[in-house]
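**Student:** got a sequence here, can you model it:
(one chain, ligands or ions: 1)
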Amino acid sequence: MEIFCMLKIDILTLFPEMFTGPFDSSIIKRAKDKGLVEINIHNLRDWGLGKHKTVDDRPYGGGVGMVLMIEPLYNALKSLRPQTANHRPLVILTTPQGKVFTQKIAKKLSKEKSLLIICGHYEGYDERIRDLADEELSIGDYVLTGGELPAMVITETVTRLLPGVLEKPDAVKNESFSPLLEYPQYTRPENFKGKRVPKVLLSGHHAEIEKWRVKQALKRTKKRRPDLL
Ligand code: SAM
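**Tutor:** Numbers count the residues shown, from 1 in each chain. Take a look at the predicted model:
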């Protein structure tokens, strides 16, 4: 069987060990094993400055905490980016100040050949780092300690959209945010303490089931996330 890599993801982090568990199980492991995604974790400290491999410094003007310096990141990007312009990765900066990551953005990213995700830490970045990125992404309106969990969220969401990763490719078509929230689902038993499975789902009538699902998806979206309509 021919195996070819569809998406390459490079992640720059100060905590490479955080990725071992999540990237070695379930969908991501399967996608890696099938050669559908290649994920490389790089330690930003390898590009740190001086004997102590320093990557951060105090902010000019004072203030709490440390700030990631531009030089280690600049040097890391320079050595990780291939020389040929047509294989240039899309550089993503994880930051709570970025555009909120959505399924729509994930779909767009799944069409890229190569992504390079930068995980911040400490109090954030030297502002000039922003010029090195193509996209700034946030995973929600809250502040995490580092960009590692956001990088995992982005990687997992994008990977499961790649052709061949999910065993049933149709699964992503009806999923939430495509564009509605998904319809309610049931499995055995038919009756649990008086709570019954809707009759239509037991009817075997596919057209009726489909009609019910569309109606339920609309109803649910209208109630929970009217902004999606
Ligand atoms: N001082 C920064 C601010 O107020 O905007 C927050 C820095 S945060 C403690 C450190 C790093 O965690 C960020 O540089 C970013 O990489 C990551 N991070 C934290 N929250 C995030 C979020 N909601 N989405 C994406 N990245 C986030």
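**Student:** grab the nearest non-local neighbour of residue 116.
**Tutor:** In space, and not counting its chain neighbours, residue 116 is closest to residue 89: 4.2 Å by C-beta to C-beta, 6 or more residues apart in numbering. Placement of C-beta: from N, CA and C, glycine included.
**Student:** which ones are touching the one you found?
**Tutor:** 8, 10, 80-81, 112-116 (C-beta atoms under 8 Å, 6 or more residues apart in numbering).
**Student:** which of the residues you listed sit farthest apart?
**Tutor:** Greatest spacing in the contacts of residue 89, by C-beta to C-beta: 80 and 112 (15.2 Å).
**Student:** do stretch 68-75 and the ligand meet?
**Tutor:** No: applying C-beta under 6 Å from any ligand atom, one finds stretch 68-75 separated from the ligand by no less than 7.3 Å.
**Student:** er, stretch 99-119 actually
**Tutor:** Yes: shown here: stretch 99-119 in contact with the ligand (C-beta under 6 Å from any ligand atom) through residue 119.
**Student:** okay, now the domains of the chain?
**Tutor:** Here the domain parsing of the chain from automatic domain parsing is 7-159, 174-228.
**Student:** what's the straight distance from one end of the shortest one to the other?
**Tutor:** Right, the one you point to is domain 174-228. Start and end residues of domain 174-228 are separated by 14 Å (C-alpha to C-alpha, to the nearest Å).
**Student:** give me the below-cutoff pLDDT ranges for the chain.
**Tutor:** In the predicted model of the chain, residues 1-5, 83-86 satisfy pLDDT under 70.
**Student:** same thing but 80
**Tutor:** Applying pLDDT under 80 to the chain flags residues 1-5, 82-87, 169.
**Student:** which bits of it sit near the ligand?
**Tutor:** 94-97, 119-121, 123-125, 138-140, 142-147, 150.
**Student:** tell me the buried residues within these.
**Tutor:** When those are checked for burial by 16 or more other C-beta atoms under 10 Å, the buried set is 94-96, 119-121, 124-125, 138-139, 144, 146-147, 150.
**Student:** skipping adjacent residues, who's closest to residue 72 in space?
**Tutor:** Once flanking residues are discounted, residue 72 sits nearest to residue 47: 4.3 Å by C-beta to C-beta, 6+ apart.
**Student:** pairing partners for the helix or strand hosting residue 93, with directions?
**Tutor:** Taking DSSP states H and E as the definition, residue 93 sits inside strand 90-100. Strand 90-100 pairs in its sheet with strand 114-118 (parallel), strand 135-138 (parallel), by DSSP bridges.
**Student:** in TSV, list these along with distance to residue 43.
**Tutor:** Listed next are the strands paired with strand 90-100 as TSV, based on distance: least, C-beta to C-beta, whole Å:
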stretch	distance to residue 43
strand 114-118	13
strand 135-138	21
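**Student:** measure the residue lying farthest from the centre of the chain to residue 33 for me?
**Tutor:** The C-alpha centroid of the chain is most remote from residue 194, which lies 39.8 Å away (C-alpha atoms, centre = their mean). Going from residue 194 to residue 33 by C-beta to C-beta, to the nearest Å gives 45 Å.
**Student:** ok, the residue in the chain positioned nearest to the ligand - contacts?
**Tutor:** Ranked by C-beta to the nearest ligand atom, the top residue of the chain for proximity to the ligand is residue 120, at 2.2 Å. Residues in contact with residue 120 (C-beta under 8 Å, 6+ apart) are 68, 93-95, 146-147.
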